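>>> coords below, sequence missing:
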């Protein structure tokens, strides 16, 4: 039975601005079982006046009104009540109308005829938002995330974390930063290895020098040799300075050094061990004038064992190693990382004229229960997606679960290999485009292969021979791929 409208001041107040009286009936039915106060206005001017007198918790606004368009009324409503959520509805809408409504920070855009189930869901979401906003304003002190955002603390990409593993990382940075030694950074994809490399550079004697990056898997052997060591004039084209020369006085970051061809590994070893190198076509050794920091997400020991990585280069790189923990092992750090990521995403909340987003307690529990196979990169992608969806206001548990694109929320105590994760290709692509890299094709193929091999190995119970037959490749090829991706047959990636 539909709950009647009541005078209880604690009940939510809904205002329907629509010249079709049936809309109010549909809204009342959508509120079945929920006590509420429902008011209606048949035109925009009356609706604006009702906003002042009734102070609604939710507005259902039609776009085509007798005295104008709803998109023209939204601005006047927000001047009077900036936080009130608006459900925009219209029977004669278009793509441009929907875009305009969302640009004006409408909570959602629903076409007519209104679908009762979706209308009910969006009404409850909007009222939940309104309640959380009210509770936040009434609180004597904002939570730690809101406080940190409001203080506008400086954003530091690397030094975020209080868990023992990250404290060990910070101490290691302090030990090695001022020393002229090669550093190897190890950890899974998305754990922030490049940010740590930049932190080492910032605190080094060459902090005023350049920070130069080279993504090793993104180039073929010939191009990689040119990019790294440079080329003399008249040797196959225009001269190239090379990254080793460009980084003089600063730091050269070699990303995914495990993918270097063996021929180039020997030349890198010479540069690190002897402090000199030769460019293509050169006759004289050139001095190495930069610090080399190498990054890997692969099992270098296994690559050495199978002959794909030089043992002497491995030992040269291993003189000082910093290992970054995956996000699932950084117990207690997630609220700090959420805070950090939200501040990095201020351009989104600023675009919606939101001073600071709110993270509900239930949403934080959902975030803490997720295993985060993509680590910090995945966290930032999920938060960005939800902020855009929610116009920068709030993070709700249901929205976060949707942002995981159907992945189950698995308790942190469960075995990670039991959880099944799918790749959010939109976010995967967007992150790499935004990052300005040139390895999207290679990374997409690698991501696809990792998922494919994991599914097949799970099906075969880890039997590599059977898996290779199903895949149509040799067992040796499968073993090589598993080594490259740091997977084992007994513990597939997902």
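In hand now; what should we look at? Just so you know, these numbers come straight off a predicted model, no measurement behind them. Residues are numbered from 1 along each chain as shown.

>>> pretty sure residue 282 contacts residue 232?
Yes. Using CB atoms under 8 Å, residue 282 makes contact with residue 232 at a distance of 5.3 Å. For every residue, glycine as well, the C-beta is placed using N, CA and C.

>>> what is in contact with those two at once?
By CB atoms under 8 Å, 6 or more residues apart in numbering, residue 282 and residue 232 have no common neighbours.

>>> from residue 270, how far out is residue 55?
Residue 55 sits 75 Å away from residue 270, going by CB to CB, to the nearest Å.

>>> so for these two, which residue has more residues nearby?
residue 270 (17 against 12; other CB atoms under 10 Å).

>>> surely that one is within a strand?
No. Read with DSSP: H, G, I helix; E, B strand; the rest coil, residue 270 is helix and lies in no strand.

>>> mind listing what it touches?
Counting by CB under 8 Å, 6+ apart, residue 270 makes contact with 276-277.

>>> how near is it to residue 374?
36 Å.

>>> now do residue 215
Per CB to CB, residue 215 is found 18 Å from residue 374.

>>> now residue 277
36 Å.

>>> ok, which stretches of the stretch 151-300 of the chain are helices?
Applying DSSP state H, counting those that start in this stretch to the stretch 151-300 of the chain gives helices spanning 164-176, 193-202, 221-229, 243-246, 262-274, 300-305.

>>> now those helices as TSV including mean pLDDT?
Output for the helices of the stretch 151-300 of the chain, formatted as TSV (pLDDT from 0 to 100):
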stretch	mean pLDDT
helix 164-176	85
helix 193-202	91
helix 221-229	88
helix 243-246	93
helix 262-274	92
helix 300-305	92
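
>>> which stretch among these comes nearest residue 445?
When those are compared by CB to CB, helix 221-229 sits nearest residue 445, at 18.2 Å.

>>> pull the residues that contact that closest one.
Under the criterion CB under 8 Å, 6+ apart, residues 214, 216, 219, 240, 242-244, 260-261, 263-264, 267-268, 277-280 lie in contact with helix 221-229.

>>> need the pLDDT of the residue located most distally from the centre of the chain.
Relative to the mean C-alpha coordinate of the chain, counting by CA atoms, centre = their mean, the farthest residue is residue 283 (46.9 Å). Note on residue 283: pLDDT of 76.

>>> what does residue 403 give?
Note on residue 403: pLDDT of 70.

>>> next, count neighbours for it.
Neighbours of residue 403 using other CB under 10 Å come to 19.

>>> could you list the buried residues of the helix or strand where residue 22 lies?
Here residue 22, judged by DSSP states H and E, is contained in helix 21-30. Using 16 or more other CB atoms under 10 Å as the burial criterion, the residues of helix 21-30 that qualify are 23-24, 26-28, 30.

>>> include distance to residue 77 when you put the residues you listed into JSON lines, please.
What follows is the buried residues of helix 21-30, written out as JSON lines (distance: CB to CB, whole Å):
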{"residue": "23", "distance to residue 77": "17"}
{"residue": "24", "distance to residue 77": "18"}
{"residue": "26", "distance to residue 77": "21"}
{"residue": "27", "distance to residue 77": "17"}
{"residue": "28", "distance to residue 77": "21"}
{"residue": "30", "distance to residue 77": "21"}
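
>>> quick one: least confident of those?
Within those, pLDDT is lowest for residue 30, at 85.

>>> check contacts around it.
Counting by CB under 8 Å, 6+ apart, residue 30 touches 116, 119-120, 123.

>>> residues touching the nearest residue to residue 107 once chain neighbours are set aside, list them.
Distances taken as CB to CB, 6 or more residues apart in numbering put residue 85 closest to residue 107, at 3.8 Å, once the chain neighbours are dropped. Going by CB under 8 Å, 6+ apart, residue 85 touches 57-59, 107, 126-127, 129-130.
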